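Engineer: Quick check, what structure comes out for this input:
(2 chains)
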Amino acid sequence: MSVLSLKGVTKKFGGLTAVNDVNLEVRAGTIHGLIGPNGAGKTTLFSLITGFYTPTTGTVHLDGEEVTSTSTSHRARKGLVRTFQGTVLFPDQTVAQNIANGMLATASGSWRDWFSESQAYAKNRDHEVEKLLQFARLTDLRNAAARDLSHGQQRVLGIAIALAAKPRVLLLDEPFTGMTASEKDRLVEMLQAIRQSGTTVVLVEHDMRTVMKLCDVITVLNFGKVLTEGTPEHVRRHPEVMSAYLGTAA
Amino acid sequence: MTSNKKAGFGFAIIAIAAAAIVPLVAGDYYVSFSTEIAIMILMLSSYRMVVLTGEWSFAHVVLQGVGAYTAAIMVKDWGAPFPVSLVAGAVVAAAVAAVLSFPLLKMRGFYFLMGTFGAAEAIRLLWRKFKYFGGTRGFSGISAPYLEVGPITIDFGHPASFFYLALAIVVVCLLVIWSMEQSRLGQIWRTIEQQDVLAQAVGIDTRRYRRIAFIISAAFAGIAGVLLAYAFGSVTPNRFNLNFALYLMIWAIVGGTRSFYGVILGGIILMGFDESLRFADELRPGIYGIILILVMLFWPRGIERLVGLDKLFAPKAALPDSGSLAASTKGDAR
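Structural biologist: Numbers count the residues shown, from 1 in each chain, chains lettered A, B, ... in the order given. So this is what the prediction gives:
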């Protein structure tokens, strides 16, 4: 069953069609990769899924509910949470607070939370923060300011913040960029564990080797259209994929 | 309760006690002046709620004016008792802010600032131009509240008794503001100020929460306005002009908006400073300019940093180095 589905999604900027009639079905519990050469429309498609853009035509459904023109924050509360290409964090706050901020909008609560924090909320939050600190291997850095972390740690923290919002679909925007080999291996393990826990992962990524290793399904975009879609094996053997990347005649 | 918090409460109680002694040791003039300081502290603290979301506004003083005018009209036209006009002032100011929030909060940063300026001037012109609002002379002769409980009558027309009344109301308001800042709401405001897009990505409707901050802060400004109307016994449009909006902003910056007590300290120090400059009225704007530039150059976080107490009163959302999050929240469960 598909947890995220795009039907006939087109996005035009003036005369330029950045995304052209894209159909995409993301099955629940998979890691789904979006790849393609520069300018293929990956980032635009990502923005359409997260609600940063509204499609010119077509629809976006999350778990069967149409979210085509709803805000990013609304989609997040419905379970679609994104991370950012750069290291977008709460830089002045500690690692633990960064993670705690991730659940401010999605954890249950009542209007009384406006005046005082309930013990139940605080207890649940501390428990969740503790789990995510361990998962992200940031426990020792819990009291460090987010801006003092290394690049790789900041990327992982960004994912931990997103996980605190309890997403059903986690959208990652080039998560492996700028990571060392060992950091990449560690993140691959993390993402596999996230899939294991039942969260669907969609990622836009340049690093082909990692994508091939990690993803269950890969959608290849070229010139704003879906070139092909399938298992890593299928994509690797597809002749047009090679030509799209290398620019040779098909 | 953490030791920081204990110290914070200790200071707060000492400060309230010190304020309460003023009428016993000072003359009426200084008691009235202390009332003004208390009202200004409420203005600055409520202004800070908007600043927490990352916005600066020129409308806060005019929203105070909405409270003051509401009280004046309630008293003059309907003879409403003080508690009624107090509540009405807060409600009407919040309602005006709610209406303004629809266009204004579509903007951010500089555009929001300019938008609040436009809205504030428009409201002020309404007061000046319409007879209903008393024109340029506003209202005067707002009689002091008095309380009758059985045989006891307290006349708040006396500066000392009105000071105690204002102090009690301001302290209650500050407690509410403080606990809101500690709550989930306050933490959400901070995330919006720090990283708006990330806040949205984890589900925070940033415009909605900026709107909430704007409206709640207006309610407190309205209360400050009601107190001002009764304290002076009069309301004029010029009391809420751009000068006062600028002073409010300067005082908030100089005091420091990072911590709860920064603006309070700034309010007390700068009101005192302002008063001591009374002999050189022409120089005041120039001196303010110099202070503002010096503070922004050398202590960008304001007096709160200079005094070095900025860890005190710090909300737990900004306690980076005091043990684990778990430990500090456990202590906070009162």
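
Engineer: ranges for the strands of chain A?
Structural biologist: Ranges of strands within chain A are A:2-13, A:16-27, A:31-35, A:57-62, A:65-66, A:80-82, A:169-173, A:200-204, A:217-222, A:225-230, based on DSSP state E.

Engineer: Briefly note if the fifth one comes near chain B.
Structural biologist: I take that to be strand A:65-66. No. Where contact is defined by CB under 8 Å from any CB of the partner chain, no part of strand A:65-66 touches chain B; the two come within 15.3 Å at best. Glycine gets a C-beta too; all of them are placed from N, C-alpha and C.

Engineer: Check chain A and tell me which residue is nearest its centre.
Structural biologist: Chain A has A:Leu171 as the residue nearest its centroid, 1.4 Å off, counting by CA atoms, centre = their mean.

Engineer: ok, it touching A:Val81?
Structural biologist: Yes. At 6.9 Å, A:Leu171 and A:Val81 qualify as touching, with contact defined as CB atoms under 8 Å.

Engineer: can you tell me which residues contact the closest residue to B:Lys76 other than its chain neighbours?
Structural biologist: Among residues not flanking B:Lys76 along the chain, B:Phe139 sits closest, at 5.9 Å (CB to CB, 6 or more residues apart in numbering or on different chains). Listed by CB atoms under 8 Å, 6 or more residues apart in numbering or on different chains, the contact set of B:Phe139 reads B:Tyr69, B:Ala72, B:Ile73, B:Lys76, B:Ala229, B:Ser234, B:Val235.

Engineer: Keep only those of the residues you listed that are in helices.
Structural biologist: Counted as lying in helices by DSSP state H, out of those, are B:Tyr69, B:Ala72, B:Ile73, B:Lys76, B:Ala229.

Engineer: In chain A, what residue spans correspond to helices?
Structural biologist: With DSSP H as the criterion, chain A has helices spanning A:42-50, A:72-77, A:95-101, A:119-135, A:151-164, A:181-196, A:208-214, A:232-237, A:239-246.

Engineer: Of those, flag the one that's most buried.
Structural biologist: helix A:95-101 (a mean of 28; mean count of other CB atoms under 10 Å in any protein chain shown).

Engineer: Show me what that one is packed against.
Structural biologist: In this structure, helix A:95-101 packs against helix A:119-135, helix A:151-164, helix B:184-194, helix B:325-332, with contacts taken as 3 or more CB pairs under 8 Å, 6 or more residues apart in numbering or on different chains; DSSP states H and E.

Engineer: Provide the contact partners of it at residue level.
Structural biologist: Against helix A:95-101 from outside (CB under 8 Å, 6+ apart): A:89-90, A:93, A:125, A:128-129, A:132-133, A:138, A:141-144, A:146, A:149, A:157, A:160-161, A:164, B:187, B:191, B:199, B:202, B:317, B:320, B:324-325.

Engineer: at 7 Å instead, please
Structural biologist: Surrounding helix A:95-101, the residues in contact under the criterion CB atoms under 7 Å, 6 or more residues apart in numbering or on different chains are A:89-90, A:125, A:129, A:132-133, A:138, A:141-144, A:146, A:157, A:160-161, A:164, B:187, B:191, B:317, B:325.

Engineer: what do you get for stretch B:102-120?
Structural biologist: With CB under 7 Å, 6+ apart as the contact definition, stretch B:102-120 has outside contacts at B:Glu55, B:Trp56, B:Ser57, B:Phe58, B:Ala59, B:Val62, B:Leu100, B:Arg207, B:Arg210, B:Arg211, B:Phe214, B:Ala245.

Engineer: and of those residues, the nearest to chain A?
Structural biologist: Sorting those by distance to chain A puts B:Arg207 at the head of the list, at 8.8 Å, by CB to the nearest CB.

Engineer: Unless I misread the structure, that closest one falls within a helix.
Structural biologist: Yes. The assignment for B:Arg207, made by DSSP: H, G, I helix; E, B strand; the rest coil, places it in a helix.

Engineer: Okay, strands next: where are they in the stretch 151-300 of chain B?
Structural biologist: Taking DSSP state E, counting those that start in this stretch as the criterion, the stretch 151-300 of chain B carries its strands at B:152-155, B:234-235.

Engineer: now the shortest one: how far from the chain's centre is it?
Structural biologist: Put simply, strand B:234-235 sits 19 Å off its chain's centre (CA atoms, centre = their mean, to the nearest Å).

Engineer: in the stretch 101-250 of chain B, what residue is nearest chain A?
Structural biologist: Across the stretch 101-250 of chain B, no residue is closer to chain A than B:Gly203, which sits at 3.5 Å (CB to the nearest CB).

Engineer: got the contact list for that residue?
Structural biologist: Contact analysis of B:Gly203 by CB under 7 Å, 6+ apart lists A:Ser73, A:Ala76, A:Arg77, A:Ala105, A:Thr106, A:Ala165.

Engineer: Could I get the phi/psi values of it?
Structural biologist: phi 100, psi 10 (degrees, to the nearest 10).

Engineer: quick one: A:Arg168 from chain B, how far?
Structural biologist: 12 Å (CB to the nearest CB, to the nearest Å).

Engineer: Chain neighbours aside, what residue packs nearest to that residue?
Structural biologist: Counting by CB to CB, 6+ apart, A:Arg168 lies nearest to A:Gly79, which is 3.6 Å off, once chain neighbours are set aside.

Engineer: correct me, but the one you found touches A:Leu171?
Structural biologist: No. Taking contacts as CB atoms under 7 Å, A:Gly79 lies outside contact range of A:Leu171: 11.0 Å.

Engineer: who's in contact with the residue with the shortest distance to the centre of chain B?
Structural biologist: Among the residues of chain B, the smallest C-alpha distance to the mean C-alpha position (CA atoms, centre = their mean) belongs to B:Met43, namely 1.7 Å. Taking CB under 7 Å, 6+ apart as the contact definition, B:Met43 lies against B:His60, B:Gln64, B:Ala221, B:Ala224, B:Leu248.
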